[in-house]
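Asker: next come a sequence and a model predicted from it.
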Amino acid sequence: MSLKVIYVVGYGRSGSTILDIALGQHPKIFGAGEIAAMCRHVWANNEYCACGARIQECQFWPDVMAQWLPQAGGVDGFFSLAKQVEPLVSPARILGLGAVKRYADLSASLFQGVADAAGTDVLVDSSKMPGRGLALAESDQIDLRVIHLVRDARGVANAMSRPMEIDVEKGVQKKIKARSPYRTAIRWRMYNSFAERLGRKVGADKFVRVRYEDFAAQPAEEFARIGAATGMDLSAICTALEQSQPIMPAHQMAGSRIRMKKDLTLRFDNNWEDKMTPADQQKVVRVTSEQLRRYGYMSSGSG
């Protein structure tokens, strides 16, 4: 029997961490964070888990990794596979090379180890990368369910325009540079196009597109849709979110810095409409207008 994995795919600054944490409130779901980051930088740099401890000292991850790393050839062994498989355009995936199957099988083994340690039936991986999702979809050991999380490209560009200084204890592991609207728009378009490709691969019954704005404003409706695609009853989570009850991060091992807060409430953020200049908004629209219309952010006559 394959393990059910809920994979959140999309582009950054779209709410994937809060969605991961919210799903993790379900007793049968473990929100693991951006698992792809484990062998990229989290384990080697001993970064912080959402529990507040360094990853190699927290109560959850060390035992899981001790069992899994020898299979993977260590951090470097798995990362070498990841560099072949995870890019948007991957010759290994295009040609069907053996690296893809090994990557998927090792990922499935890690997922199973996490689920066993957590005592849950379902795992959330909010790594977002479409290339990773396309590789995971090749595994017969994973029952992959996909949430394509999107946010208005203008909101993403506004968020990406703000730099962040290193603050390790608060979850900012490296200096984040301000990004131009054009750069963000191009990458937003590419990532979401490949996320659509992942949706076609897994099939409509295992895929749901969720807009951040709808998730934040009307969580009950969006969690009902997510529940249908994942085969999970998420009504209890809906009640908590609608009543603005705090949600508690657990052991999310990478993601937005909000995972380091002790409790969270779902908050709608649409301040780009006031903070972003019309000129910068228009730069983003020039690149992303077709998808903005398709995702319901613009009417057919606008832009």
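Answerer: Received, thanks.
Asker: just the strands in the stretch 101-250 of the chain please.
Answerer: Along the stretch 101-250 of the chain, the stretches classed as strands by DSSP state E, counting those that start in this stretch are 122-128, 142-150, 207-211.
Asker: now stretch 244-261: buried residues?
Answerer: The neighbour-count criterion (16 or more other Cβ atoms under 10 Å) identifies 247, 249-261 as the buried residues of stretch 244-261. Placement of C-beta: from N, CA and C, glycine included.
Asker: just to revisit the earlier point, adding distance to residue 77, write the strands of the stretch 101-250 of the chain out as CSV.
Answerer: Formatted as CSV, those follow (distance: least, Cβ to Cβ, whole Å):
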stretch, distance to residue 77
strand 122-128, 19
strand 142-150, 20
strand 207-211, 31
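Asker: okay, those strands, which one's buried deepest?
Answerer: When you average the neighbours per residue for each of these (mean count of other Cβ atoms under 10 Å), strand 122-128 leads with a mean of 26.
Asker: which residues sit in contact with residue 20?
Answerer: With contact taken as Cβ atoms under 8 Å, 6 or more residues apart in numbering, residue 20 is in contact with 8, 31-33, 124, 126, 252, 255.
Asker: repeat the analysis, applying 6 Å as the threshold.
Answerer: For residue 20, the set of contacting residues under the criterion of Cβ atoms under 6 Å, 6 or more residues apart in numbering consists of 31, 124, 126, 252.
Asker: pLDDT score for it?
Answerer: With respect to pLDDT, residue 20 scores 97.
Asker: that one: what secondary structure?
Answerer: Secondary structure, DSSP: H, G, I helix; E, B strand; the rest coil: residue 20 is helix.
Asker: for the most centrally placed residue in the chain, give its distance to residue 231.
Answerer: Most central in the chain under Cα atoms, centre = their mean is residue 126, positioned 2.6 Å from the mean C-alpha point. Residue 126 sits 19 Å away from residue 231, taking Cβ to Cβ, to the nearest Å as the criterion.
Asker: distance from the chain centre to the helix or strand bottoming out on mean pLDDT in the chain, please.
Answerer: With mean pLDDT, DSSP states H and E as the measure, the helix or strand of the chain carrying the lowest mean pLDDT is helix 235-242 (a mean of 84). Using Cα atoms, centre = their mean, to the nearest Å, we find the averaged C-alpha position of helix 235-242 to lie 21 Å away from the chain's own average C-alpha position.
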